Every structure is written in structure tokens, then in C-alpha cells.
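Q: Sequence and predicted structure are below.
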Amino acid sequence: MESVGGQGGVLEGSRLRPVLYQWRVKRTIDQMHFTSLHRLAVVLSVLSVAGCRKTPPVEEISAPATGVSEASPIDVSAEDWAWWRGPNGNATQPTMGAPTEFGPTQNVLWKAPVPGRGHADPTVVGDRVFLATAEEDSNTQSVVCFDRHSGNQLWQQTLHQGGFEGNVHAKSTQASNTVASDGQRLFVCLLNAGKIHLTCLDLEGSILWQKMLGDFRSKFGYSASPVLHGSLVIVAADHSDGGFLAGVHRESGDIVWKKARPQESTYASPIVAHVAGKDQVLIAGADQVASYSPETGEQLWSCEGVTSSCVGTVVWDENNVFASGGYPGEETICINASNGEPVWRNKQKVYISSLLAFDGLLFGHNDKGIAFCLDAATGEKKWQARLGGNHSASPVLIGQHIYAASEEGVVTIFEPSGDGFEVVAKNDMGDEIMASPVAAYGNLFLRVADHRGSGRQETLYCIGSGAGVTTFADADLAPSVDAE
């Protein structure tokens, strides 16, 4: 009789076979488990080396209980366009006129070549125009300054050398963030080397301070522009590893407060609005519209809505805020700004551009150039029409007209009416417009690109009434000095 000694006594041969079988099966499973874990560890190690490591969690910072030290007052003119969305934060200049008929050689006060590539809007303060740009041949991100009267380039300051982000959407750039100014300083926020950097310069281009605000895991790039409020520059940086909203002191560069945001790749710029009787930082994306205190960063309310990825900036009227997005969902929503409760919502969609709120109406267009008008109180659609072309730039109201620029370089001007779509003019400016038009001191500023052979050249145009027809040599983009 075959037997074997073991724990619990002696097993006969007939009883041994199942035990041996179970032992072999367990050993095989253990070996497979070890091998799988080993392979998984190797894969994770390779991915980590390849740059797939998650960014560190956001370390929140609370505003000091004693309050924020006061910076010098923001000192800009009502005629300036000193930051993203203009002087009122809502892309409107209703008391300022600008030409409705223009072209590359019509009503052009001057035009100036822009080095590199960027989708940042022009920033106009006093006698100067500022642009963020990036040059791929030198791997630099910089700010360029032009004279507002002549278009002469006054200076260019490099902010970062190298560190370009590899994951950038075809419709984005390494410099899509609009410069903000408090009248004494410039603030530009850029993604470089996987981190968000805020730079402060004086109006002569000297760097006063730079601050690394946090890590950023890019999916399609970074497009949020900074907004100013009181002593602070407020910056948003949403991404899939968990982004943040931060308030930075304008003079010192110190982070006054910093709050974690949801883990979602979304791209909207924050805005500060005085709505429902108080100042609120508003931002859409990550399947919500949220409001924060600009002084402390504490969340005031959050409303579920829009979709995961939003690009457009929130707009508002006296008591309500409006947001639209985006991808993958389709929704426009109206929210009571006093409590965060939804007032109405529909399936209208604006993704890359922002809405425009004016005189009880909401105007917007989707990426394919379908424009619409909604009743702001009810969400009822008043009209819908085709602009022509594809559209990424946001519509702006200048005087009593809305200007909408297509990716193909055509600026359509139409009436801000709920009675129907009425085109005032169409103006073909070049091959490409991605930045939104801006208006300052009675002039229109456009960032336009032309594709010449295998090359691409950006041009900054200053459009003004009374310039008439101006002749420029195609090969010579040196600024004209027709305007004194």
C-alpha cells in the first residue's frame, strides 16, 4: 500500500491523487499570479518613464484670515481692452463704434507682422497693444508689444525657452492665453514643461516675477486666460489629474489661495462677474458650472450641467448666469446666481467659442458656423442662421453690431436683434482667424494668418474709420504709419 506522511496522519494512494492535483493547480495559479504582477510592474514602470505618471495632488491654500494686502488699484481706461472678454468681462463695447466695411487694404490704419503663432487675443492698454505668441523654430514663448498708433514693434520678451507641450490640439497653440493688464503690469499664464507658469512684466517688457502655480497633464493643451480682481490675478488650470483655481497677488506673485478642481480635461477661462448682488468667479466644465468667492476661493455654489469639456467663458445678466458646452454632451443652461439652481436648459451647443449676452438675449454659434439667438429669460430660440465657414473665435458686440470671425478669415457683422438674422457686412481678411476681434479707442484689432506657399504668417491689423483704401506691398509687411 502506497502511503505518505503528512499533517493529520497517513494518506493512502487513492486519497493522495486529488491532493497532489489540488497542490499542482494552486502552485500553477501562484506562478501565473506572480508572473502577471511582474509583467504589470514592468508595464507601469515603462509607462512612468514614458511620461504617463500622474501629477501630484493639489495642495490647497487658504486665504489669510486677516485678508489680502492691497495692491495698487487697477488703472485702465474704459476705452482699453485690457484682458480676455474686454473691459466689462462680457465681450461688449456698446458705446464704441468701429468700421463695418474693411479688408486687407480697406480702412486699415496699419498692419504689422507677428512673429510665431498664437491664438491669444490682442490686449490694448493706452498707447500699446500686446500679444502672446510662440515660435517653433526657436522653441520660445513670448509677449510682443506694438505701438497702437503706428503698429511699430516696440519690444519682444521671451518668457520660456524650450519645454513645449507635445499634446496640443490642432486648433490650439503654445500661446492661446490672452494677456491681462492692470494698467501698470502685464500678466500671462502659459503651459511649459508640464507646469502652469504665471509671469508678470512691466509695460516696457521687463519680467518682474514668475510663479510656477502647479502641475498640468495635457490632453489637448492649455487655453485659459487670467482674470483680474482687486489685488489678485485669478488663474484656472483644469486637467484630468485634478486641476486648480488660484488667486495670486498682483504685486508680489504670492499665491493667496488655491483650490482643487475636479479631475477632468476642460479648458474654460474663469471670469469675475458682479451678479445677484455680489462678485463671483464663474467657470464651466467637468459637468458643472461653479461659483467661487474671488477674495478667498471658497465655493459659493455648484450646479450640475453643461458637459465634461467646455472651452467657452460663462456670461451673465443681472441675476442669472449662462453657460454652454461642449463635448461630449450638448447643453446650454441658465442658472440662478444667488443659489445655483437651474432656471432652464436646452440642447443648444456652443463648444470652443463663448456666448454673448446683450439686452435680454443670448447670441452664439457652434463650431460649424450655425448662429442662433435665444431669449435669455426662457431659453426660447428666436432664430437660427448659417454664418458660413467654421468658427472658433468668440462673437463680440461693438457699438450696435456683433462681429463674428470665421476660421477661414471672414468677419461677419450682424444686428444684435431677436427679430431675425440680419447681416450688415461680410469682410474677407485673410486665410485664418482664430483669435477673437477686439475694439479699443474706436478701432478694431484683428489677428489674422495667411498661408503663403509652405509658410504661415500672422498679421495684426488695426482697422479704423476714415483710413480709406491703403496700398500695401504683399511682400512687405512693415507697419504703415498712416495713423498718427
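A: It's in.
Q: got any ranges where the stretch 101-250 of the chain has weak pLDDT?
A: Within the stretch 101-250 of the chain, no range satisfies pLDDT under 70.
Q: all helices in it, in order from the N-terminus.
A: Counting by DSSP state H, counting those that start in this stretch, the stretch 101-250 of the chain has no helices at all.
Q: what's the helix or strand containing Ile335 in contact with?
A: If you go by DSSP states H and E, Ile335 is part of strand 331-336. With Cβ atoms under 8 Å, 6 or more residues apart in numbering as the contact definition, strand 331-336 has outside contacts at 276, 289, 303, 305-307, 319-325, 341-350, 355, 362, 364, 374, 376, 379. In short, each C-beta sits where N, CA and C put it, glycine included.
Q: Likewise for stretch 270-278?
A: Residues from elsewhere that reach stretch 270-278 (Cβ under 8 Å, 6+ apart): 84-85, 89-90, 224, 227-229, 234-236, 245, 279-283, 294, 313-314, 316-321, 336-338.
Q: list the buried ones in it?
A: Within stretch 270-278, the residues that count as buried by 16 or more other Cβ atoms under 10 Å are 270-273, 275-276.
Q: For the closest residue to Asp182 other than its chain neighbours, give me its contacts.
A: Among residues not flanking Asp182 along the chain, Ile74 sits closest, at 4.5 Å (Cβ to Cβ, 6 or more residues apart in numbering). Counting by Cβ under 8 Å, 6+ apart, Ile74 touches 182-183, 228.
Q: One more: Leu154?
A: Residues near Leu154 by Cβ under 8 Å, 6+ apart: 128, 145-147, 205.
Q: how does it look with 6 Å?
A: By Cβ atoms under 6 Å, 6 or more residues apart in numbering, the residues touching Leu154 are 145, 147.
Q: So which of the contacts of Ile74 sit within strands?
A: With strands taken from DSSP state E, the overlap with the contacts of Ile74 comprises Leu228.
Q: ok, so of the contacts of Ile74, who is nearest Glu407?
A: Of all these, Glu407 sits closest to Leu228, with 29.1 Å by Cβ to Cβ.
Q: Next, the distance between the ends of stretch 150-167.
A: Taking Cα to Cα, to the nearest Å as the measure, stretch 150-167 stretches 37 Å from start to finish.
Q: buried residues in that stretch?
A: In stretch 150-167, counting by 16+ other Cβ under 10 Å, buried: 150-151, 153-157, 159-160, 163-165.
Q: related to what we said a few turns ago, now the buried residues of stretch 270-278 in CSV, with secondary structure?
A: CSV is the format used below for the buried residues of stretch 270-278 (DSSP: H, G, I helix; E, B strand; the rest coil):
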residue, secondary structure
Pro270, coil
Ile271, strand
Val272, strand
Ala273, strand
Val275, strand
Ala276, coil
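Q: which two in those residues are spaced the farthest apart?
A: The largest separation in the buried residues of stretch 270-278, counting by Cβ to Cβ, is between Pro270 and Ala276 at 17.1 Å.
Q: Give me the below-cutoff pLDDT ranges for the stretch 351-484 of the chain.
A: Using pLDDT under 70, the stretch 351-484 of the chain drops low at 467-484.
Q: And the strands in it?
A: For the stretch 351-484 of the chain, applying DSSP state E, counting those that start in this stretch gives strands covering 356-358, 361-365, 370-375, 381-386, 396-398, 401-405, 410-414, 423-428, 438-440, 443-452, 455-463.
Q: again, but for the stretch 151-300 of the chain
A: For the stretch 151-300 of the chain, applying DSSP E, counting those that start in this stretch gives strands covering 153-161, 180-181, 185-192, 195-202, 207-215, 227-229, 232-237, 244-249, 255-260, 271-275, 278-284, 288-292, 299-304.
Q: Walk me through which strands the second one pairs with, and which way each runs.
A: Right, the one you point to is strand 180-181. Partner strands for strand 180-181, per DSSP bridges, with pairing direction: strand 185-192 (antiparallel).
Q: then the strand it pairs with to CSV, C-alphas only?
A: What follows is strand 185-192 as a C-alpha-only set of coordinates in CSV (Å, rounded to 0.1, in the frame of the first residue of the first chain):
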residue,chain,number,x,y,z
ARG,A,185,1.8,95.4,-15.3
LEU,A,186,1.1,92.5,-17.7
PHE,A,187,0.1,89.0,-16.7
VAL,A,188,0.4,86.0,-18.9
CYS,A,189,-0.2,82.4,-18.0
LEU,A,190,1.3,79.6,-20.1
LEU,A,191,1.9,75.8,-20.0
ASN,A,192,5.5,74.9,-20.2
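Q: and the angle for it with strand 232-237?
A: Strand 185-192 runs at 20 degrees relative to strand 232-237, counting by axes from the mean of the first three to the mean of the last three Cα atoms, to 10 degrees.
Q: what sits up against strand 185-192?
A: For strand 185-192, contacts defined as Cβ under 6 Å, 6+ apart pick out 132, 141, 143, 160, 163, 165, 177, 179-180, 197-202, 216, 222, 226, 233, 235.
Q: can you give me phi and psi for the closest residue to Phe220 other than its chain neighbours?
A: In space, and not counting its chain neighbours, Phe220 is closest to His169: 3.7 Å by Cβ to Cβ, 6+ apart. Main-chain torsions, His169, degrees, to the nearest 10: phi -60, psi 150.
Q: could you measure His169 against Ser218, distance?
A: 10 Å (Cβ to Cβ, to the nearest Å).
Q: quick one, which of the two is more surrounded?
A: Ser218 (17 against 14; other Cβ atoms under 10 Å).
Q: Can you select the buried ones among the contacts of stretch 270-278 for me in PyMOL?
A: This is the PyMOL syntax for the buried subset of these, where burial follows 16+ other Cβ under 10 Å:
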select buried, resi 84+85+89+90+224+227+228+229+234+235+236+245+280+281+282+283+294+313+314+316+317+320+321+336+337+338
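Q: so, if you compare the buried residues of stretch 270-278, which one comes nearest to Ile413?
A: Distances from Ile413 to the buried residues of stretch 270-278, taken by Cβ to Cβ, are shortest for Ile271, at 24.6 Å.
Q: Now do that closest one, the pLDDT please.
A: In this model, Ile271 is scored at 98, pLDDT.
Q: Val49 now?
A: Looking at Val49, the pLDDT reads 38.
Q: How about the secondary structure of Val321?
A: strand.
Q: which residues touch it?
A: 282, 314, 335, 337.
Q: Dump these into a markdown table; add distance to Gly420 and pLDDT as well.
A: Formatted as a markdown table, the contacts of Val321 follow (distance: Cβ to Cβ, whole Å; pLDDT from 0 to 100):
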| residue | distance to Gly420 | pLDDT |
| --- | --- | --- |
| Leu282 | 30 | 98 |
| Val314 | 27 | 98 |
| Ile335 | 28 | 98 |
| Ala337 | 30 | 98 |
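Q: With just CA atoms, put stretch 317-328 into CSV.
A: Output of stretch 317-328 as CSV, limited to C-alpha atoms (Å, rounded to 0.1, in the frame of the first residue of the first chain):
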residue,chain,number,x,y,z
ASP,A,317,-27.1,89.3,-16.7
GLU,A,318,-28.3,91.0,-13.5
ASN,A,319,-29.4,87.8,-11.7
ASN,A,320,-28.5,84.7,-13.8
VAL,A,321,-25.5,83.1,-15.4
PHE,A,322,-25.4,81.2,-18.7
ALA,A,323,-23.0,78.5,-19.9
SER,A,324,-22.8,76.2,-22.9
GLY,A,325,-20.8,73.2,-23.9
GLY,A,326,-19.2,71.3,-25.3
TYR,A,327,-18.0,67.7,-25.5
PRO,A,328,-19.3,65.0,-25.4
